[in-house]
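>>> structure of the sequence below:
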Amino acid sequence: MQELKGKVAIVMGASTAGGLGEATARRLAKEGATVVVSGLGAEHLDKLARELGGSAFEADITDRDQVRALVNHAISTNGSVHIGVNLAGSSDRMAISDMTEEHLLKMTKINYFGSVWFVQQVAERIVDGGAIVCTSSFAAYDPVSGLTGYATAKRAADRFIQAAAVEYRHKRLRINSIIPSTIDTSILRKAMSEYGLEFDSFAKTVIDVTPLGRLARPEDIASMILMMVRDEYFETGQNLHCSGGNSLLGHPRSLA
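Predicted coordinates:
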């Protein structure tokens, strides 16, 4: 049974092969949704859109006008929008003692402003009763060394999600965020290698405090997002963990 048949979904942050956005776009399409994929990287977006039978629209999450154009494209192409999912983000690592204005502005524009522009533009045009999900991070709730700029921007975005759920209550929108734990992706493995960190050793420290006994995969996040965008999901303004239980025990606080 295709639960989302007849629905139109925008998935922002789908331009990385094997990433959360791609996994989510595939899962929503599998459930029958017509998916508009977006992000930065036209070649991969176009390829993914062809595979899913949807469309692609390149847009920068930090630019409100580009996000507005994305929503306009989704509506002009498909007639309406029922679901919006924002998985765009950046987590450049920097110690507090080394923080610069440039670093903080980058983290804020992508992780906070991006969530604001996405929710603002989608909420104004989405059908009444629709669903919007943004991605947060465990770092916003369980501080990790080196990720302060990223974490504080994500925490601000989560507070914004709660405010938006209240402000758009006249449309009965379900506006929530998902808080993933460490996810085994090629991006994480590459980043840790660049920082000179050993992935398997770090993964073990996370798994040791994860009751479900493994790292999250992109497909795990996609499955939870599917639950959150279903019409039957009766919740809004919530910041929900997807951690395999390690949010109960405390995520390792340092990547070193």
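>>> contacting residues for the most centrally placed residue in the chain?
What sits nearest the mean C-alpha location of the chain, by CA atoms, centre = their mean, is residue 87, with 2.4 Å. Residue 87 sits next to 11, 12, 13, 14, 19, 20, 21, 24, 135 when contact means CB atoms under 8 Å, 6 or more residues apart in numbering. Where you see a C-beta, it was placed from the backbone N, CA and C, and this is true even at glycine.
>>> if you rank those residues by neighbours, which is first?
Highest neighbour count within the contacts of residue 87, by other CB atoms under 10 Å: residue 11, with 34 neighbours.
>>> wait, isn't it in contact with residue 23?
No: contact criterion CB atoms under 8 Å: residue 11 and residue 23 do not qualify, at 9.7 Å.
>>> could you list the paired strands of the host helix or strand of residue 37 along with their orientation?
Counting by DSSP states H and E, the element that carries residue 37 is strand 34-39. The strands beside strand 34-39 in its sheet (DSSP bridges) come out as strand 8-12 (parallel), strand 55-58 (parallel).
>>> pipe those into a markdown table and attach distance to residue 118 per row.
As requested, the strands paired with strand 34-39 are exported to a markdown table (distance: least, CB to CB, whole Å):
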| stretch | distance to residue 118 |
| --- | --- |
| strand 8-12 | 6 |
| strand 55-58 | 13 |
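>>> how about a markdown table for these, with distance to residue 162 and mean pLDDT added?
Conversion of the strands paired with strand 34-39 to a markdown table gives the following (distance: least, CB to CB, whole Å; pLDDT from 0 to 100):
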| stretch | distance to residue 162 | mean pLDDT |
| --- | --- | --- |
| strand 8-12 | 20 | 98 |
| strand 55-58 | 28 | 98 |
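>>> most packed of those strands?
Among those, ranked by average contacts under mean count of other CB atoms under 10 Å, first place goes to strand 8-12 (a mean of 29).
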